[in-house]
Every structure is written in C-alpha cells, then in structure tokens.
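1. pasting the sequence and the predicted coordinates here, then a few questions.
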Amino acid sequence: MISIAKFYALALVVLFSAQLHAQSPGPVTLVKAGRLLDPRTGNVLTPAFVLIEGNKVKRVGSSSQIGLPAGAKIIDLGSATLLPGLIDGHTHLFLDIIIPPKAESLRHNNGEFAPGLLLAIVESPTKRSLMGAQAAREDLQSGITTVRNLGHSGIDGDTELRDAINAGRLVGPRILASGRKLIAQGSYLQNLNPALSDAILRQEFLLVHGTDQARQAVRENVFQNADLIKVTEGDDISVAELTAVVEEAHRQQLKVAVHAGDTVSIQTAIDAGADSIEHGNDATDEQLKQMKEKSIFLDLTPTFYDAFFMKIAEPSIVLPPDIHAEEVSRAARVKARYEQLVQRVMKSGVRFAEGSDMCWFFPGKTRGEASMNTLVKLHAAGMPALDVIRSMTSSAAEMLGWQDRVGAVEPGKFADLVAVSGNPLADITELEHVRFVMKDGRVVRNDFIKP
Ligand SMILES: [Zn+2]
C-alpha cells in the first residue's frame, strides 16, 4: 500500500508535469489571407496575417513581420476574406423533424404540430446521439464553430456530445448545452397517452410547477453540467416561477434563455429578468425598450422568414391546392411582419444576436447548410450585412457570455476562423459557402487547396 507521504509526493510530480505540459505552446501556424473582417468595428485588415499557437490566436497583423517562428506551418488562402468562426445562438442538434402531411396533423393532433417533437422523445437515445453527432459535424463543416443547443436532446444528449467533442472523440463545434428544457405541464405534451406521459416527459423536459419545483429543475440541469438554462414560456409559467428559475440559475452562474413569442410571454420573461429572449417575434416597441434598459438580449430566429415551410415540405409532400394557397398567403404575412420586426429592433437599440432554431430536415441540404441558409436571411429581411455578421459572431459571443473566447480574431481568443472567396459585406450569401474552417487551431476544411 502506498503511504500518504508517498501519495502526495507522487501527486506533486503529476501536477508539476501537467503544468509543464500546459506551458508547452503547441504547434505554430500562420494563416495568410487577402482580408480579415473585424465584425465589431467593420474594419478590414488587408492583407491579413494571423499567427496561431496551439489552439489560440497569438498575433494579428498586416504583414509577415508579426514574427514567424522557425518551423511554423503556413496556410495561404490567397485573396480570401477571413472572419471569426460563426456562432449559432439557438439550435437543436438532436431534432430532425420531417413535416407530416397536413391531414395527419389535423386528424390526429388537433392541428397542432407536435408529433415531430414528441417522436424524437420515443426514439432510441443511441440513434439520436448519432444523428446529433452528424448534425454537429455538418454545422462545423459549414463554418459554425460554436453553438448554443437549447433543448430537445434527451436527458444528457447535448452535455455528453459537448464533452465528447471537447475530448476529441468527435468533430464538432463548441457546444453550450442547456440540458433538459424547463416547461409547464401541458406544453408540448397535449397528444401523449396520459398513462405514459409523465415517464416520457422526464426523458426530455423538466416541469416547472411552483417556485420550489422551478428551482429543483435548475439544480437537476446543474447536476448534468448544463452550461445554461432554457425555459419555454407560453403564457403558462408565472413571473414568480420564472423569477425562481432565474435566481437559482444566476446563483449557479448560469444564464437563462427564455423562449417567448407572444407579447404576454415576452413580458413575463422581461419581468423575471431573463438573460435572453428567444424568438421574441411579437415584441412591442415598449418591450424592446425595456429589454434594452435591462440588458436582455433578443435572440432573433428568422427560420420561417421566406416561405421556409414550403421549402422543406414541398419536396416530400404534395400540398392540396387550398392548403398551398393558404401557405402562400401565410408566408407573405410572416415575411412582412418579420421585416417590420427587424426594422423596429434596429431602431430600438436593443442588443441582439441570432440563431437558426434549426430542427428540421431540409431536403437537399446538410444541417450546416440549412442553418447557414437561415442565419443569412436577416439581411433579406432588411438588416445591413455587417449587423447580420455581428449577430452570428461578436454579438452572439456576448449573448453567450463568451466574448473573452470567441466572436473575434484577436490575441488570446480561440483560433476559430472561417474564410470565404468573396466579400460577405457585399454578398452575405458568401457565408453559405464557407471554404475554409479552422477550430482550435486545427483545419476542419480547406477548399482553397487545389486537389
Ligand atoms: Zn428552438
């Protein structure tokens, strides 16, 4: 048996060698490109040299005089434009919903579109994990180097996927995982067999019913090492209950993201002191003002802007003429309302970021392509390109509380970079065709190298 003294001596040796290991800087790489866009200022560095040591940015400059240590690897991206790695502030890696025929929704589900969300719960957790890993890899390949996963991942799907990626077992973005989503009884569950619903519910959600249970739900997610708390407010959780969630989460140093779409739910989220309001589609000007005053982020999700439902439904479902016509006019209304929201948000001065809310199977696109196709839509909805880029880089980093790690290319931050061929300020859709991706100083994708 080892003596206590020997044990501590051994522990010291282990600690010391671990420190030595931590001090070794790791491989040095120089990335050269025609331009580097800083989303915070809009400044463009031409040409751009980014020196990377290990997984961090060491120096950034406009000439190779930034100091190139012997043996450094050089990656020359020609005239490409470099940007910080992209951030999706709201996604669901463990959902892959296929739109059911309308008739089925109407006949079996009271017209509510819940079955896609519910079916995911009863699927094999192993299958979901593997599909989540695929979605994560596809996000990264499209330049999304950080995501906030906000629920619908089983009990521990997103926290485990995060850890597997961080341990190098899988390739994927940095994940901030919310663990199980906090909901009120009834929400999402209206079509479940009541005899089974409680058991099924706990596979995916935590109930908020009273302030004690609200605090307990936060603690259960803390136990699973969640990075933040996600609550769905559908005018069914009281200000007192949501305040209890926020207080407990803040006590545990976690932020709270509240799904709120209608005016009443948005007000509850504001009054309870949420850190971010997800979607916020019906926010009034007065509410945007209150959010600005309380420093609450608005996380815009332009998912359904631009007839998205038709794009994902039509390749697999023949819509009857009346439903087709109904969808066309609904899409036009959604588009007009969203354009108004974007204008009001810009005018209000509220802090905002964006998320794809991607949870759908988009025929013909990978998960990453579907997410990026959504994130660039804010420009079509009337937002200047630089603000759109900020909302998925520097502003998103602030919303996550990770502004010291990601969202800009500067010394000390993680070496997460993307590059596109053209100028994303002139053509935002360049971001749908990212040609170079680096995460943690490692190249994930480089289409600039000719085969
Ligand atoms: Zn969502």
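-> Now that the structure is in, tell me what you want to look at. Owing to the predicted nature of the structure, the values given are computational and were not obtained by experimental measurement.
2. the stretch 301-450 of the chain: helices as residue ranges?
-> 308-313, 321-348, 367-375, 377-380, 385-391, 394-400 (DSSP state H, counting those that start in this stretch).
3. which residues touch the fifth one?
-> Counting by C-beta atoms under 8 Å, 6 or more residues apart in numbering, helix 385-391 makes contact with 37, 39-40, 42, 83, 300, 346, 352-354, 375-376, 378-379, 383, 424-426, 428, 431, all of which sit outside it. The way it works is simple: take the backbone N, C-alpha and C, and place the C-beta from them, glycine included.
4. take the residues you listed and keep only those in strands.
-> Leu37, Leu83, Leu300, Phe352, Ala353, Glu354 (DSSP state E).
5. run the chain-centre distance for stretch 72-88.
-> Offset of stretch 72-88 from its chain centre (C-alpha atoms, centre = their mean, to the nearest Å): 21 Å.
6. list the buried ones in that stretch?
-> For stretch 72-88, burial by neighbour count (16 or more other C-beta atoms under 10 Å) applies to Ile75, Leu77, Ala80, Thr81, Leu82, Leu83, Pro84, Gly85, Leu86, Ile87, Asp88.
7. measure the closest residue to the fourth one other than its chain neighbours to Asn446 for me?
-> For Thr81, ignoring the flanking residues on the chain, the nearest one in space by C-beta to C-beta, 6 or more residues apart in numbering is Arg35 at 4.5 Å. Applying C-beta to C-beta, to the nearest Å, one obtains 17 Å for the distance of Arg35 from Asn446.
8. quickly list what Leu298 is bridged to.
-> Residues in a beta bridge with Leu298, per DSSP bridges, are Ile277, Phe352.
9. burial of it, as a residue count?
-> 26 (other C-beta atoms under 10 Å).
10. what sits against it?
-> Taking C-beta under 8 Å, 6+ apart as the test, what Leu298 contacts is Ser276, Ile277, Gly280, Ala283, Leu288, Met291, Val345, Val350, Arg351, Phe352, Ala353.
11. of those, grab the buried ones for ChimeraX.
-> Remark: buried members of the contacts of Leu298, expressed as a ChimeraX selection using 16+ other C-beta under 10 Å:
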select :276,277,280,283,288,291,345,350,351,352,353
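12. and which of the contacts of Leu298 is nearest Arg137?
-> Minimum separation from Arg137 among the contacts of Leu298 (C-beta to C-beta) is found for Ala353, which lies at 23.3 Å.
13. what pLDDT is listed against that closest one?
-> We have a pLDDT of 98 for Ala353.
14. try His259
-> On the pLDDT scale, His259 gets 98.
15. wasn't it part of a strand?
-> Yes: judged by DSSP: H, G, I helix; E, B strand; the rest coil, His259 forms part of a strand.
16. quick one: it and Ser276 touch, right?
-> No: applying C-beta atoms under 8 Å as the test, His259 and Ser276 come out as separate, 9.9 Å apart.
17. looking at Arg35 and Asn446, which is more packed in?
-> Arg35 (20 against 13).
18. check contacts around the more buried one.
-> Shown in contact with Arg35 (C-beta under 8 Å, 6+ apart): Val44, Leu45, Thr46, Pro47, Ala48, Ser79, Ala80, Thr81, Leu82, Asn423.
19. where does pLDDT dip in the stretch 101-250 of the chain?
-> 101-119, 189-191 (pLDDT under 70).
20. SS state for Leu51?
-> Under three-state DSSP, Leu51 comes out as strand.
21. I'd like to know how many residues surround it.
-> 21.
22. cool, the one 3 residues further on as well?
-> Burial of Gly54 is recorded as 15 neighbouring residues (other C-beta under 10 Å).
23. do the one 3 residues further on as well
-> Using other C-beta under 10 Å, Val57 has 22 other residues around it.
24. which strand or helix spans it?
-> strand 56-61 (DSSP states H and E).
25. now that strand, how far from the centre of its chain.
-> Averaging C-alpha positions (C-alpha atoms, centre = their mean) puts strand 56-61 25 Å from its chain's average.
26. check which helices and strands whichever helix or strand comes after it is in contact with.
-> Proceeding N to C from strand 56-61, the next assigned helix or strand is strand 73-76, under DSSP H and E. Where contact means 3 or more C-beta pairs under 8 Å, 6 or more residues apart in numbering; DSSP states H and E, strand 73-76 is packed against strand 28-33.
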